[in-house]
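[1] Quick one, fold the following:
(chains A and B)
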Amino acid sequence: MSGHSTYEFKNPVARWLDSRLPILSVVRAQLVDFPTPRNLNYWWTFGGILATMLAIQIITGIVLVMHYTPHVDLAFTSVEETIMRDVNYGWLIRWMHANGASFFFIAVYIHIFRGLYYGSYKSPREVLWMIGVIIFIAMMATAFMGYVLPWGQMSYWGAVVITNLFSAFPVIGDPIVKWLWGGFSVGNPTLQRFFSLHYLLPFVLAALVFLHIWALHVTGNNNPDGIEVKSEKDTVPFHPYYTMKDLFAIVVYLMVYAAFVFYSPWYLGHSINFAPANPMSTPAHIVPEWYFLPFYAMLRAIPSKLGGVVVMFASIIILFFLPWLDKSKVKSAKYRPLYRQFFWLLVIVCIILGICGSQPPEGAWLRVAQLATAWYFIHFLIILPLLGFLEKPKPMPSSIAEAVLGKDEEAAKA
Amino acid sequence: MKAIIRLFTALGLSLAVITGQAMASGSERKNAEDYDFSFEGPFGKFDRAQLQRGWLVYKEVCHNCHSLKYIRFRNLAEPGGPEFTEKQAKAIAAEFEVEDGPNDEGEMFTRPGRLSDAVPSPYPNEEAAKAANNGAVPPDLSLIVKAREGWDYPWYISPIIKLFKGNGGAEYVRSLIAGYQDPPAGEEVKEGLNYNPYFPGHWLAMPPPLAGEDVEYADGTKPTLIQEATDVAAFLAWASMPKMEERKRIGLMALLYMGVFALLMLMVKQAIWSRIKH
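    From the prediction side, this is the model:
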C-alpha cells in the first residue's frame, strides 16, 4: 500500500492511537484519500457490490447456522420446517442467503467480464487478477457445498454427480472419491464435512478479498481508457466521489436482489429440491445451479469422463495465464476494434454454454456445446495471442485527464 | 401485466409450433390449466374462506393417505393462513388422536391433539404407508406446491414465462386432482395405475381422490369436483408457503424504502460529481 496518510488527526485520542497503531491513517489513506481514476464507469461499482454480497452471505449464514442441523435425517426438516416456518424471519434469512449466492455470482461474472473488456489483468495487475481467479474458485466450492446443505433431492444428487467427477482420474480417482465422501457413498459424513467447509471457506474468501484489495491498492485501479494514472489531474479521492457512486450502485443492485428475495425467492432454484433427498430415486434431470451451467456444459461436451473433467478444470486454470496469453500492449477494448468483437463473441459463447448446460447433452445440444467449448479455448489460446500482432489499435489519449476533458481543454489548462 | 404474460405465452407456443420443438423437457405430460389464484402476483393474498374449505378437503380426503408434517394446528389460526379462530383451531386439533409419551409408567399413550401438535401422519411409518398403497409412498404434502411444476415451455421462452407465471405448482395440483380420464384408445393400460394426462408419464399410482360432493362446505359453496380441487390446491399452496403474505408485505416496504434511498443516493452522487468534469 502506498504508505500512510500525512493527515494529522485533530482528536487527541485518535492521534494517540494512530502513533501506536496507524490503523486510522491506513483507513484514511486507503479508503478516503486514495487516488482513484476520475473516469471509472458503473462497471467499476461491482467490486463494492461484491464486498456487500459477501458480507450479506456471511451474516445471514451465521444466523442460519444457529438453527440448521447438519444431519441427513434432520437437515431438510431444520431448513424447511424450523427455519422457514418457526424461526422469526427465518424465511427471510434463508431466502436472502439462497438468492444471495445467485446475486454474488451475477456480480462476480459482471466483474470478471469487466476485467476482460478493459484488460484489467494486464501488467502491472497480474497478481491482482490471479488472486481474483482464486477467489472465483473458492466461491464456486463454497456455493456448491452450500447447495448440498438443505439436503433436498437436487442437493443430494448434485453432490453425487460432482463428487463422482473425481473418480475419472485413473488409479487415484476412487480413493479420492471415498475420501471426499468419508464413506462408500454420499452420506452423513459427506454432509457434515461439507457443512464444516461451507462455514470455513467464506472466511478464507474474506481473507482473499483482503489480499485482492491490497494488490489493487498497490497498482491502483485500471480504468475504461486503460491508461495508467500519470498525475493528480487524472484522479479524484475515493471519498466522497466513489464511496457515494458505489453506494448508489449497491442500493440499486440490492433492489433487484430484494425483488427476487421477496417476490420470486425460488425462481433461481430447482422445484425438486423441495423434496427431501432420496438415494433410491434419481431425478429425471440433474442440473446444477445456473451459475455452474457453462462449466457443466463443458464437462458433458467431451465424450470421455476424464476428458470432460480435465477440460472443465482447464477452462478456469487457463484464466491464470491470461495476462501472458494476451499479447496486446493496449489494455482497454475501447481502443481495440478487433478484440472488442471477440470479447462480445466470448460473452455470447459463454451464454450459449450456459443454455447447453441446462439441456440434456444429446443431439444438437451436444454439438453446440462442443463447438462453444472449442471456441472458449480458441479465444484464449489462439485469438488473444494473435490479436496482439494482427490488431491495429485506435489512437489513444495521452492521459486520463485528456480522455475526460478533451485535448484542447487539457492543453488550455496546462 | 396479464396481457404481457399472455403475449409471451402465445409467442412461446407459436415459436414452439414453428420449430417443432417438443414441449415437454422430461416425461411427456399436458401442461396444467392456468388458473388465477387469489394469491398470485405481488399483492396477492390467500382467500381465507377458500383455505378453510381446502383444509376440509385435505382433512376429509387427502389425509387418509397423505401426511402434512410441517403444519401444526396453531398454524391454522395464524395470520396469513386460513385464519380459523383459536377456538376453532383447538376444536380441529382435538378431533385428532395424537401419540404422546412416554408417561410416568414409561408407556406411550394417545390423547386429543393440541394447538402445538403437528398434523398427525395417517401411517405410523413409511413401511406401513407402502404396504397400504401398493408399494408407493404417498408424498407428504407440506411442500408439494413448491416441489411440483405445472408447465414446461421451450427453453428460449421458459425463463420469462416462469418469471411471471411461476412454476405452476398449485395449478398442477388442481389440474391433476380434477384431471383423471379414461386412457385414450390405443394406450396400453397399466395394471394398478391410473391414467392422468397432467402427470409426467401419464400413469400414476394414486386413484382419483375426489369425485365431487366429497365434503359438505359450511359456507354453502357447491362442492363440485373442480371447486374441491381448486380449494385444496389453494390450501396446499398456503401449506407450502405459510409466510407468503408477510413476505410480500415486507417486500413492498423494503423496495419502497430502498427506492427512496437510491433516489437520495443518486442526488448526493450527482451533487458531488457536478464539482468536476468527468
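[2] CA only for contacts and neighbour counts going forward, please
    Noted.
[3] for the chain, which spans come out with low pLDDT?
    No chain was given, so I picked chain A. Scanning chain A for pLDDT under 70 picks out A:1-6, A:408-414.
[4] right idea, wrong chain: chain B
    Counting by pLDDT under 70, chain B contains low-confidence ranges at B:1-27.
[5] so A:Val186 sits right up against A:Val161, yeah?
    No: contact between A:Val186 and A:Val161 fails when scored by C-alpha atoms under 8 Å: they sit 9.9 Å apart.
[6] So which of those two has more stuff around it?
    A:Val186 (21 against 14; other C-alpha atoms under 10 Å in any protein chain shown).
[7] list the contacts for the more buried one?
    Residues in contact with A:Val186 (C-alpha atoms under 8 Å, 6 or more residues apart in numbering or on different chains) are A:156, A:159-160.
[8] 10 Å instead?
    Neighbour list for A:Val186: A:156-157, A:159-161, A:163-164, A:177-178, A:180, A:279 [criterion: C-alpha atoms under 10 Å, 6 or more residues apart in numbering or on different chains].
[9] out of those residues, which are buried?
    A:156-157, A:159-160, A:163-164, A:177-178, A:180 (16 or more other C-alpha atoms under 10 Å in any protein chain shown).
[10] quick one: the strands in chain A?
    Ranges of strands within chain A are A:35-37, A:235-237, based on DSSP state E.
[11] Is the last one in proximity to chain B?
    Yes: counting by C-alpha under 10 Å from any C-alpha of the partner chain, contacts between strand A:235-237 and chain B involve A:Val236.
[12] Name the residues that touch that strand?
    Contacts to strand A:235-237, defined as C-alpha under 10 Å, 6+ apart, come from residues A:29-40, A:229, A:242-243, A:400-401, B:276.
[13] Go through the strands of chain A and pick out the most buried.
    Of the strands of chain A, the one with the most neighbours on average (mean count of other C-alpha atoms under 10 Å in any protein chain shown) is strand A:35-37, at a mean of 23.
[14] Partner strands of that strand, with direction?
    strand A:235-237 (antiparallel) (DSSP bridges).
[15] quick one: the helices in chain B?
    B:2-19, B:48-60, B:86-94, B:126-132, B:144-147, B:158-165, B:169-178, B:225-240, B:244-273 (DSSP state H).
[16] Out of these, which gets nearest to A:Trp151?
    With C-alpha to C-alpha as the criterion, A:Trp151 lies closest to helix B:144-147 of the helices of chain B, at 13.7 Å.
[17] May I have that closest one exported as CSV, CA atoms only?
    Taking Å, rounded to 0.1, in the frame of the first residue of the first chain, the C-alpha atoms of helix B:144-147 are listed here in CSV:
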residue,chain,number,x,y,z
ILE,B,144,-45.9,-30.2,-2.6
VAL,B,145,-46.9,-27.0,-4.3
LYS,B,146,-43.3,-25.7,-4.3
ALA,B,147,-41.9,-29.2,-5.2
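[18] contacting residues for the residue in the stretch 1-150 of chain B that chain A sits nearest to?
    Closest approach between the stretch 1-150 of chain B and chain A, counting by C-alpha to the nearest C-alpha: B:Ala147, at 4.6 Å. By C-alpha under 10 Å, 6+ apart, the contact list for B:Ala147 reads A:270-276, B:141, B:167, B:169, B:240.
[19] how about those, which pair is most distant?
    Taking C-alpha to C-alpha, the two most distant members of these are A:Pro276 and B:Asn167; they sit 18.6 Å apart.
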